[in-house]
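K.L.:
Using only what follows, build the 3D model:
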Amino acid sequence: MISFAEIALNIPFNNEDCLTYEIPYGMNATIGKRVEVELGKKIQQGLIISIHQMMPNYKTKTISKLIDKERILTDEQIELAYQMKDFYLSTLGECIFKMIPQGRRKISTKLEKIKAEKNLFILNTEQEMAYKEIKSKFGKVSIHLLYGITGSGKTEVYIHLLNDLLKETDKSAILLVPEISLTVQTLKRLELIFGDKLALLHSAMKISEKFRNYNQILSGEKRIIIGTRSAIFAPVKNLGLIILDEEHDSSYKEHSSPRYHARQIAQMRAKQNSSVVVLGSATPSVESFYFAKTGKIEFHKLTKRAKSSSLSEIELVTKKDNSELISEKLLFKIKQRLDKKEQIILLLNRRGHSPLIYNRLEEKFIECPNCSSNLCYHQKAQVKCHLCGYKDSFQNLQNKFSSELELFGSGTQKLEEYILEKFPEVKLERLDQDSTKNKTVVIDVIQKLIDKKIDLLTGTQIIAKGLDAANVTLVGVINSTIGLGLPDFRAGERVFSLLTQVAGRAGRAELKGEVIIETNTDHPIIQLAKNQNYDEFFENEILVRSDLYFPPFCRLARIILRSVIEEKLIKSKEILTEVLKKYLIHSEFKKLVLFGPTEAPFYKIDNNFRIHALIKTTEMILLKEKLKLIQKNLKLPSKVYLEIDIDPIDLV
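P.N.:
The predicted structure is shown next:
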């Protein structure tokens with residue numbers, strides 16, 4: 001009898017979850033395997049969702065090729081894909097292919113040089129209490145916020161929970177981290193403690209290495225999985241524990257369809273498996289902290305540093321004079337630390353050399369030809385756009401504008417030059433997006449910092465995450481207000497979190513730490529960061545969120561239309577306005593707030609013009625029903641594309 005397969009393709013179909021293909025005689029096609037099929041005149045990759053003998057009433061094509069010898073997706077993962085499809089309003093194929101390992105860079109995470117302690121540390125009273133309370137919920141669906149100041153030993157609580165889960169049950173665990181290369185010390189400890197039961201999954205791995213680890217997880221050979229965002233889909237057997245370290249971090253949100261958040265997927269998987277979810281942070285997302293405070297999730301607090309050190313003192317330095325990149329006060333403190341052979345971290349959350357290039361003749365800053373964003377001057381006389389990646393030489397720019405161009409502002413490259421000019425003998429390293437394209441560089445630099453082989457580390461927000469170097473006693477923040485001006489209700493939360501996290505890098509052991517935050521304003525967020533009091537920040541922020549009807553008091557959905565043809569986008573804006581009126585404004589919502597459609601704050605990115613609309617409501621189930629109708633009935637001109645983001649974290 002002829003058999004047919006329902007196949008999910010990684011293509012944004014509107015109405016169909018799967019397409020039907022005939023299975024060739026003798027092909028060992030089973031559910032959960034990838035295949036190649038012909039669609040139109042192209043060969044596409046798909047995954048078999050079901051097999052049946054019901055002949056369609058139309059002519060079917062035959063599967064071209066079977067890719068996998070064994071299934072690579074479990075029934076649980078396929079069920080999760082169906083949940084995601086409905087939750088994020090994407091297609092089944094898009095959800096399925098988010099779970100299958102993809103290779104990008106051919107880099108391996110080598111931990112041989114990293115030093116770490118193999119034995120479990122004894123927990124202090126607060127850690128012990130949190131650990132026991134969380135462990136008592138093993139085998140039940142429960143979500144826990146582990147809120148602890150920087151250096152309070154949240155990682156040690158994770159390790160004790162993982163150790164007990166592995167030794168006392170047959171369950172598996174997933175530990176998510178925002179950035180693998182910044183957690184190498186923790187990774188090494190976990191490798192020493194859990195040995196061959198540990199597997200890594202992250203985007204910087206070789207595709208062959210990733211698939212090998214993936215298959216070992218699938219077989220049950222590996223039971224502790226560590227990785228970045230996409231590791232939440234690991235095909236573990238009997239999932240018992242999911243931990244999101246630095247749960248507030250924006251890297252847990254995916255920016256292509258389906259635009260999932262790892263925290264939400266963790267909750268879906270917990271319900272599937274009766275698992276415990278632990279969200280850890282010194283600066284939790286406002287939503288998570290609110291849910292903990294109101295009893296919707298479990299709440300555990302760590303108020304003391306684990307290694308008996310106290311939080312570093314923070315001093316604000318108001319910098320009125322911009323002739324010097326760094327204030328005299330901070331320069332003096334740097335010299336003090338260098339003389340004492342102690343280490344320094346300097347944060348400037350801006351890449352490049354000079355972020356602004358001014359055209360004196362036209363009296364304006366030069367924008368990227370593809371974006372609504374200014375070009376940035378980089379070392380080696382290069383200019384770059386940080387939105388789309390456009391590059392050109394500074395010489396070409398000068399020739400094009402036939403006028404004298406001036407460089408304004410400071411980025412990490414300029415800071416590096418400045419420090420080396422002031423302290424020629426200093427051993428300095430820089431970590432930012434430009435210097436860390438090769439992830440092994442990050443690991444090497446972190447090990448140099450730990451081994452006291454560098455005096456000073458400078459960089460962007462990447463250096464605020466996870467670094468634990470005992471000899472760092474001074475942290476300096478230059479231009480601390482970067483990011484506060486963004487038209488996004490989370491801008492203040494992000495800056496507070498960044499300043500608190502980077503301040504936590506100082507004085508993590510016996511040596512006392514000190515933090516200097518340079519500012520040119522008395523903005524309340526900077527003042528709150530100086531106090532290192534998240535509770536105080538939260539009490540202020542939650543009032544603003546309540547008054548303005550933002551999460552956690554509502555849910556958000558963002559609709560984006562984009563096109564390379566501006567005229568078509570303008571026409572589409574009118575079409576979208578009418579459809580939104582029909583399905584949202586004149587509808588049965590008790591409370592719904594609609595902003596737009598209007599131009600997105602960055603109106604043009606990578607030659608795509610963009611408009612957006614923001615929807616606020618507490619009735620998300622009803623809203624999704626209406627958004628599905630909008631997806632179905634919105635008739636857009638060709639080359640105009642619709643994107644829907646449920647619970648967006650980026651509004652620009």
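K.L.:
what about residue 458, which SS state?
P.N.:
Classification of residue 458 using DSSP: H, G, I helix; E, B strand; the rest coil returns strand.
K.L.:
Next up, the contacts around residue 451.
P.N.:
For residue 451, no residue meets the contact criterion (C-beta atoms under 8 Å, 6 or more residues apart in numbering). All C-beta spots, glycine's among them, are computed from the backbone N, C-alpha and C.
K.L.:
hang on, I meant residue 613
P.N.:
For residue 613, the contacting residues are 558-559, 576, 580, 594-598, by C-beta under 8 Å, 6+ apart.
K.L.:
Can I take it that it is in a helix?
P.N.:
No: counting by three-state DSSP, residue 613 is not found in a helix; it is strand.
K.L.:
Spatially central residue in the chain, please.
P.N.:
residue 251 (0.3 Å; C-alpha atoms, centre = their mean).
K.L.:
That residue reaches residue 228, doesn't it?
P.N.:
Yes: Residue 251 is in contact with residue 228 according to C-beta atoms under 8 Å; the separation is 7.0 Å.
K.L.:
what do the two both touch?
P.N.:
Joint contacts of residue 251 and residue 228 (C-beta under 8 Å, 6+ apart) are 178-179.
K.L.:
if we can go back for a sec, may I ask you to confirm that the residue nearest to the centre of the chain belongs to a helix?
P.N.:
Yes: assessed by three-state DSSP, residue 251 belongs to a helix.
K.L.:
Let me see the contact set for it.
P.N.:
Shown in contact with residue 251 (C-beta under 8 Å, 6+ apart): 178-179, 228-229.
K.L.:
looking just at contacts, which helices and strands does the helix or strand of the chain with the lowest mean pLDDT meet?
P.N.:
The helix or strand of the chain with the lowest confidence, counting by mean pLDDT, DSSP states H and E, is helix 439-450 at a mean of 86. Helix 439-450 sits against helix 184-194, strand 428-431, with contacts defined as 3 or more C-beta pairs under 8 Å, 6 or more residues apart in numbering; DSSP states H and E.
K.L.:
Those: lowest mean pLDDT?
P.N.:
Among the helices and strands packed on helix 439-450, helix 184-194 has the lowest mean pLDDT, at a mean of 88.
K.L.:
residues in contact with that one?
P.N.:
Contacts of helix 184-194 with the rest of the structure, by C-beta under 8 Å, 6+ apart, involve 109, 111, 114-118, 120, 155, 159, 162-163, 166, 175, 177, 180, 198, 200, 224, 226, 443, 446-447, 450, 466, 468.
K.L.:
and the angle for that helix with helix 439-450?
P.N.:
Relative orientation of helix 184-194 versus helix 439-450 (axes from the mean of the first three to the mean of the last three C-alpha atoms, to 10 degrees): 90 degrees.
K.L.:
And helix 184-194, what's buried?
P.N.:
Residues 184-191, 193-194 are the ones in helix 184-194 that count as buried (16 or more other C-beta atoms under 10 Å).
K.L.:
Quick check on the contacts of residue 613: which are buried?
P.N.:
Of the contacts of residue 613, these count as buried by 16+ other C-beta under 10 Å: 558-559, 576, 580, 594, 596-597.
K.L.:
which intervals of this protein have sub-threshold pLDDT?
P.N.:
In the prediction, the chain carries residues with pLDDT under 70 at positions 14, 103-115, 308, 439.
K.L.:
What about the contacts of residue 613, which are in strands?
P.N.:
Of the contacts of residue 613, the ones assigned to strands by DSSP state E are 558-559, 594-598.
K.L.:
As JSON lines, the residues you listed with distance to residue 633 would be great.
P.N.:
Shown next, in JSON lines, are these (distance: C-beta to C-beta, whole Å):
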{"residue": "558", "distance to residue 633": "19"}
{"residue": "559", "distance to residue 633": "14"}
{"residue": "594", "distance to residue 633": "17"}
{"residue": "595", "distance to residue 633": "21"}
{"residue": "596", "distance to residue 633": "19"}
{"residue": "597", "distance to residue 633": "16"}
{"residue": "598", "distance to residue 633": "22"}
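K.L.:
Between these, which sits nearest residue 398?
P.N.:
Residue 398 lies nearest to residue 598 out of the ones in strands among the contacts of residue 613, by C-beta to C-beta, at 36.0 Å.
K.L.:
and the residue lying closest to the closest one once chain neighbours are set aside, what is it in contact with?
P.N.:
What sits nearest to residue 598 in space, not counting adjacent residues and going by C-beta to C-beta, 6 or more residues apart in numbering, is residue 611, at 6.4 Å. For residue 611, the contact set (C-beta under 8 Å, 6+ apart) comprises 560-561, 569, 572-573, 576, 596-600.
K.L.:
Which single one of the residues you listed is nearest to residue 319?
P.N.:
Distances from residue 319 to the contacts of residue 611, taken as C-beta to C-beta, are shortest for residue 600 (32.7 Å).
K.L.:
Show the contacting residues for the closest residue to residue 252 other than its chain neighbours.
P.N.:
Excluding the flanking residues, the one nearest residue 252 by C-beta to C-beta, 6+ apart is residue 262, at 4.1 Å. By C-beta under 8 Å, 6+ apart, the residues touching residue 262 are 176, 229, 232, 244, 252-253.
K.L.:
ok, back up a step: drop anything exposed from the contacts of helix 184-194.
P.N.:
109, 111, 114, 116, 155, 159, 162, 166, 175, 177, 180, 198, 200, 224, 226, 443, 446-447, 450, 466, 468.
K.L.:
Looking at the residues you listed, which are in strands?
P.N.:
175, 198, 200, 224, 226.
K.L.:
just checking, the last one touches residue 173?
P.N.:
No: taking C-beta under 8 Å as the contact criterion, residue 226 and residue 173 are not neighbours in contact, 9.2 Å apart.
K.L.:
Now list whatever residues contact both of the two.
P.N.:
Here residue 226 and residue 173 have no joint contacts, going by C-beta under 8 Å, 6+ apart.
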